[in-house]
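Enquirer: here are the coordinates; sequence isn't available:
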């Protein structure tokens, strides 16, 4: 068998290091496609002169685009036999990525726990994205439920990693040389700066975006993410949903793009505290988003920069006017994504 | 409210200057997507050596792509609450845009007239696209019908701008250093030069192109055009048409691409004299095009270059063999676009 | 008539040379779109450092992308009035193409034979793709069945070119400066090298990819291929299939991308021995692929490099587990493509 069967639960061992295939040079073509696929309007990624005005040598590649590229690499080894992508934690966006940089990915298995049914288990990995200079551009923990090859295989010693509820604001990576003195609100498209937001504030991002099959397939292939559920209608048509599933990361990117309307100065994602793909999203669904400000923290050592911890909800097929979110220990049925993350904003 | 509600008719004042958000660096990725979305085959934008042979340092970005980028910037401020995009005039394509250039947009309110129903009014703006050097790459007038926030608001003094029927041939911008001595008809794909066209001539561009939802959404997001009607099926499904509307500019681009078949040497758009989106276009529609030569004028001071004033019609779901256009003061029901513009052609 | 009616059978003469229009500079945008449209994961085209490690100055453009660009140029002159694309032979992938290179195409008519019905004839052309330096990047023979303009036209003297069953391994072009000492299997994504494959071996590539209308239209327009059958639903809806036909080259590219799973180290296409688009493919179809190793030959003069002659089958709407292919002198009804080609692989 020369084809990749993916790893089953038994194939993972605590401390195991996986070097993922297919390093990826990110180009201006990838960036343009990302704009076409999401409609992102954040000025830092859109305009070189805006990036220069903030001290960047050029526009950095969108943080979520880098995330998807790294994530995509991990799929053939980590989640080809996954039943579910359960969660994210401790994600940090580190060195900026520029057009021409090459991103590669490795993962370490940091937790394992067989489920009581003996058919699946949860695998925790810390995935790391590096550039061609060996600089870390991203790391994050995710955990997935993976099938066992054989129910009779013995269960490993359970090992659960200790994961923070959120990345502390002190641990956020601030881009080298970032200056905000010349930050231009008019060009950025929002008059609202960090000081205008307060913990507890809720923002309806108003707009909705309908997803087409071609769009999520283009996005997911662009990231070289090979998860079968996104691409094969012949097989999915016979499955549980009868439909192709949309890569959860595409929903993350859409909510980020939609969040421009209300968070236009959130110029950079700094950390991924947690996230959950609450319900599946299918072609034809219209995605809306709203955000709650969980915390508004100054960035230590900077008077010009603040951080907002946001919890953004992706909502489908209804407006987010009334902020549908958690209810009764579960979620409003319209919720498809809950994402907890830090953004940077000028003060 | 931190989200952009858009401007209502009352928010516009004569002489008002609007600096639009989200400057945009145009990349090779944008250009490739534009080809993939339209099928454009004009050699000047397709091949660097062809551009060099005409005296360009490199291939200029397609004129309509630049137009859409500039237009997209104006939407959040000018037409978010527009009922209709009524017309264009006095548009000039000025300094060429190259990959790596950053386009930004400003608009001036040059006319205002409340409608007699007291619910809407017409706003005239002159929008200007500039590059990172402050050079003007494009300007044009458009007028839109915008909702009033409050019917009771007093009407402004009516002020209508004086607009030319067409940009005079003397006012067309000819690219610096343009030389046509080495213009290669075979490489360009057409044996027909300026002298082969005559006023009154009609050209059926023969081919048809069916538009998919994913295509017009990709195009419109690429331009960072945020008009809701193009993207939100959940909302549009409950509206007048029950469908997402296709950005009129996408239809302009398709007719331009289709016009290659018959106008292959029309290497550059020089001016936009006027235009009307006569009827809506929806996904699944097949767009055809035909053109009438309104005028064929020599370009003053050049023996190698001529200009054609064209009126191109976008037609849907029928061939353009019999040139469907204006009838009885209106239009044939198949007409979706009437566009009056100047192109440059070698003599 | 200023529009291109295409050539009819009578318009072709033995020895005729055709210079095709619209040279094409290939950019990073084209490469990104190709990844998004196909999901290609071969490391040579994905990562600059991987390309460097093999002795390339930068990542070469995917071989099939170059092929489609060249092929697209030939359509308006060769196959606009084609009834069927009958076959390929003697195709060689020569000098690598890099981002920024400009590809142009010429064809020579090397065979003509009128069909006995007097309504059509077969035209054989050798098409050549060249870069801006005049280096040959690709050549191949294809033959198409073309309509006669007038049944009464006299038949030309039949002339059939002598075509090899396959390009001999000695004739494969090996990229200048190719070194494989540092070839990294882990980064490439496959542990299987040339020596692990044997003639007669069959490989099911496992994965399936469903094609959307927007996807094949984007691909085909990207290649500036103007064949009407791919784009015009209004016309095709009234035709034989009632559907738009998917460009056969898109199916070739999908099978190549799918073949990564099992042939991940087949880093380069070296030759196209033959090919047949056995049955049409439509949007909504799910494409699978499997390959048979026809021959495994060492590359003369190299101890580090081998060649595999592959016969890859594109299959639709069923898995390829049981290797559906030729049966009873015809094909299994699920087969849409049979492609015979050489790939290079490290030993």
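Expert: Received, thanks. This is a predicted model, so every value here is computed, not measured.

Enquirer: go through chain A and flag its longest helix.
Expert: Longest helix in chain A by number of residues (criterion: DSSP state H): helix A:63-78.

Enquirer: counting by contacts, list what the very next helix or strand once past that one packs against.
Expert: Downstream of helix A:63-78, the next assigned helix or strand under DSSP states H and E is strand A:82-93. Counting contacts by 3 or more CB pairs under 8 Å, 6 or more residues apart in numbering or on different chains; DSSP states H and E, strand A:82-93 packs against helix A:63-78, strand A:120-130, strand A:136-147, strand A:268-277. Where you see a C-beta, it was placed from the backbone N, CA and C, and this is true even at glycine.

Enquirer: out of those, nearest to residue A:52?
Expert: Comparison of the helices and strands packed on strand A:82-93 against residue A:52 by CB to CB identifies strand A:268-277 as nearest, at 15.5 Å.

Enquirer: name the helices or strands packed onto the closest one?
Expert: Counting contacts by 3+ CB pairs under 8 Å, 6+ apart, strand A:268-277 is packed against helix A:63-78, strand A:82-93, helix A:248-258, strand A:335-346.

Enquirer: mind putting the ones you listed into CSV with mean neighbour count and distance to residue A:325?
Expert: CSV is the format used below for the helices and strands packed on strand A:268-277 (neighbours: other CB atoms under 10 Å in any protein chain shown; distance: least, CB to CB, whole Å):
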stretch, mean neighbour count, distance to residue A:325
helix A:63-78, 25, 21
strand A:82-93, 20, 17
helix A:248-258, 25, 13
strand A:335-346, 24, 6
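
Enquirer: mean pLDDT lowest for which of the ones you listed?
Expert: Of all the helices and strands packed on strand A:268-277, strand A:82-93 carries the lowest average pLDDT, namely a mean of 92.

Enquirer: just want the angle from it to strand A:335-346.
Expert: For strand A:82-93 against strand A:335-346, the angle by axes from the mean of the first three to the mean of the last three CA atoms, to 10 degrees is 10 degrees.

Enquirer: next, the angle from strand A:82-93 to helix A:63-78.
Expert: 140 degrees.

Enquirer: tell me which element the spatially closest residue to residue A:262 that is not a sequence neighbour falls in.
Expert: Excluding its sequence neighbours, the residue lying closest to residue A:262 (CB to CB, 6 or more residues apart in numbering or on different chains) is residue A:203, at 4.1 Å. In the assignment (DSSP H and E), residue A:203 maps to strand A:202-204.

Enquirer: what's residue A:206 sitting at in phi/psi?
Expert: Here is the backbone geometry of residue A:206 (degrees, to the nearest 10): phi 70, psi -60.

Enquirer: show the contacting residues for residue A:63.
Expert: A:93, A:268-269 (CB atoms under 8 Å, 6 or more residues apart in numbering or on different chains).

Enquirer: that older thread, so the residue nearest to residue A:262 touches residue A:311, yeah?
Expert: No. Assessed by CB atoms under 8 Å, residue A:203 is found out of contact with residue A:311, at 10.9 Å.

Enquirer: ok and the residue in chain A nearest chain C?
Expert: Across chain A, no residue is closer to chain C than residue A:29, which sits at 2.6 Å (CB to the nearest CB).

Enquirer: that residue reaches residue C:37, doesn't it?
Expert: No. Counting by CB under 8 Å, residue A:29 does not reach residue C:37; the two are 11.6 Å apart.

Enquirer: so what sits against both of residue A:203 and residue A:311?
Expert: Common contacts of residue A:203 and residue A:311, defined by CB under 8 Å, 6+ apart, comprise A:291-292.

Enquirer: looking at those two, which one has more neighbours?
Expert: Neighbour count, other CB atoms under 10 Å in any protein chain shown: between residue A:203 and residue A:311, residue A:203 has more, with 23 against 20.

Enquirer: tell me, how many residues neighbour residue A:16?
Expert: Neighbour count of residue A:16, defined by other CB under 10 Å: 15.

Enquirer: what is the neighbour count of the residue nearest to it when sequence neighbours are not counted?
Expert: Leaving out its chain neighbours, the residue that sits closest to residue A:16 by CB to CB, 6+ apart is residue A:109, at 4.3 Å. Residues lying near residue A:109 (other CB under 10 Å) number 21.

Enquirer: residue A:109 belongs to a strand?
Expert: Yes. Residue A:109 forms part of a strand when assessed by DSSP: H, G, I helix; E, B strand; the rest coil.

Enquirer: in its sheet, what does the helix or strand bottoming out on mean pLDDT in chain A sit against?
Expert: Lowest on mean pLDDT, DSSP states H and E among the helices and strands of chain A sits strand A:82-93, with a mean of 92. With DSSP bridges as the test, strand A:82-93 is paired with strand A:136-147 (antiparallel), strand A:268-277 (antiparallel).

Enquirer: got the angle for that strand vs strand A:120-130?
Expert: Angle, strand A:82-93 to strand A:120-130, by the same axes, to 10 degrees: 30 degrees.

Enquirer: okay, now residue A:177: neighbour count?
Expert: Counted by other CB under 10 Å, the residues lying close to residue A:177 total 9.

Enquirer: let me see the contact set for the residue nearest to residue A:166 when sequence neighbours are not counted.
Expert: Distances taken as CB to CB, 6+ apart place residue A:273 nearest to residue A:166, at 3.9 Å, with adjacent residues excluded. Taking CB under 8 Å, 6+ apart, we find residue A:273 in contact with A:89-91, A:164-167, A:309, A:340-342.

Enquirer: can you do 6 Å?
Expert: Counting by CB atoms under 6 Å, 6 or more residues apart in numbering or on different chains, residue A:273 touches A:166-167, A:340-341.

Enquirer: let me know the closest of those to residue B:283.
Expert: Distances from residue B:283 to the contacts of residue A:273, taken by CB to CB, are shortest for residue A:341, at 33.7 Å.

Enquirer: so what's the closest one bridging to?
Expert: As for beta bridges, residue A:341 partners with residue A:272, residue A:310 under DSSP bridges.

Enquirer: likewise for residue A:203?
Expert: According to DSSP bridges, the residues that bridge with residue A:203 are residue A:291.

Enquirer: am I right that it is in contact with residue A:291?
Expert: Yes. Applying CB atoms under 6 Å, one finds residue A:203 in contact with residue A:291, separated by 5.0 Å.
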